[in-house]
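below are the sequence and a predicted model for it; my questions follow.
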Amino acid sequence: MKILGIDIGGSAIKGAPVDTKTGRLTAERFRIETPAVLAPAAMARTVAEVARHFRWRGRIGIGFPGVIQGSRILTSANLHPTFIGRDGAALFARATGGRVALVNDADAAGLAEMRFGAGRGVEGTTLLLTLGTGVGSVLFQGGALYPNTEFGHLPLRGRSAERSISAAARKRRGLHWREWGAELGDYLHRLEELLWPELIIIGGGVSSKSKKFFPYVKTRARLVPASFHNEAGIVGAALWAAEKK
């Protein structure tokens, strides 16, 4: 089955058709930069532009950076606040003309990694973090998803952790990989005390640069980069839509 997977991020929207039997993209990824904060209507038009790029008429899975219950958006920390309370699936379905399934973006990335990537075959507790504009998080136990775990917003030095340890925060603060890796390790240590994961997967675009900072990240659990790097959200969104009959 081929499904269009779309990953909405804090600074870009990207998508591609996905073969949900293999997890492979069937066409080159299409990306649209969104440097300005888009209101829901503008975001929906941009998502529709991705669908038009692929001349898509089938099912669509969309990962959104916020808490999702059913198809309703409950939080929108790094996007426009008026998304909160909206029926996101209906919003994007009207814009694209397709059948849309909506999922938290980190949950989507986790689904891809657990099905086809770095978490495949792991039966214990797995924690995945996506480090980008913000910090997404997802927890799996025995291969089962525990949805909407917002560990990126845990307090760290008096404010949301993602303000210090996201990939965007590293650039904003001008931190060397060594400094940032040490801070990321401290944050992961706090999560380990709470969750006791056996495996920690680091996703997002920064995962392709893991050799630059992994040596400075000290964890008890095994630490690995995401196999899909920055495409995990696309693949996982498509997998989510495939499971929604």
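Right, received. Where do you want to start? Numbers count the residues shown, from 1 in each chain.

which residue comes closest to G23 once chain neighbours are left out?
Using Cβ to Cβ, 6 or more residues apart in numbering and skipping residues adjacent in sequence, the residue nearest G23 is F116, 3.6 Å away. C-beta here means a position set from N, CA and C on the backbone, and glycine is covered the same way.

quick check: what element follows the host helix or strand of K211 along the chain?
Using DSSP states H and E, K211 maps to helix 210-213. Heading C-terminal from helix 210-213, the first helix or strand you meet, by DSSP H and E, is strand 222-225.

just checking, what packs against that following strand?
The contact analysis (3 or more Cβ pairs under 8 Å, 6 or more residues apart in numbering; DSSP states H and E) places strand 222-225 against strand 199-203.

in the protein, what secondary structure element scores lowest on mean pLDDT?
Sorting the helices and strands of the chain by mean pLDDT, DSSP states H and E puts strand 155-156 at the bottom, at a mean of 84.

contacts made by that one with the rest, please.
With contacts defined as Cβ atoms under 8 Å, 6 or more residues apart in numbering, strand 155-156 is touched by 161, 163-165, 187, 190.

just checking: what are the partner strands of it?
Sheet pairing of strand 155-156 (DSSP bridges) gives strand 159-160 (antiparallel).

beyond the partner strand, next helix or strand please.
As assigned by DSSP H and E, the chain's next helix or strand after strand 159-160 is helix 162-165.

point out where this protein drops to low pLDDT.
245 (pLDDT under 70).

do a quick rundown of the helices in it.
Per DSSP state H, the chain carries helices over the ranges 40-53, 88-96, 105-116, 162-165, 167-173, 177-195, 210-213, 232-243.

distance check, P147 against S164.
Using Cβ to Cβ, to the nearest Å, P147 is found at 25 Å from S164.

the more surrounded of these two?
Applying other Cβ atoms under 10 Å to P147 and S164 shows that S164 carries more neighbours, namely 20 against 14.

so the more buried one sits against R157, correct?
Yes: under the criterion of Cβ atoms under 8 Å, S164 makes contact with R157 at 6.8 Å.

okay, now N230: neighbour count?
Residues lying near N230 (other Cβ under 10 Å) number 22.

let me see the contact set for it.
14, 203-205, 207-208.

what subset of the residues you listed is buried?
14, 203-204, 207 (16 or more other Cβ atoms under 10 Å).

now those residues as a markdown table including distance to R57?
Shown next, in a markdown table, are the buried ones among the contacts of N230 (distance: Cβ to Cβ, whole Å):
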| residue | distance to R57 |
| --- | --- |
| K14 | 20 |
| G203 | 30 |
| G204 | 30 |
| S207 | 32 |
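
picking up where we left off before, can you select the buried ones from the contacts of strand 155-156 in PyMOL?
Filtering the contacts of strand 155-156 down to the buried ones (16+ other Cβ under 10 Å) takes a single PyMOL command:
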select buried, resi 161+163+164+165+187
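
ok, of the contacts of strand 155-156, which one's closest to R94?
Nearest to R94 among these, counting by Cβ to Cβ, is R163 at 34.0 Å.
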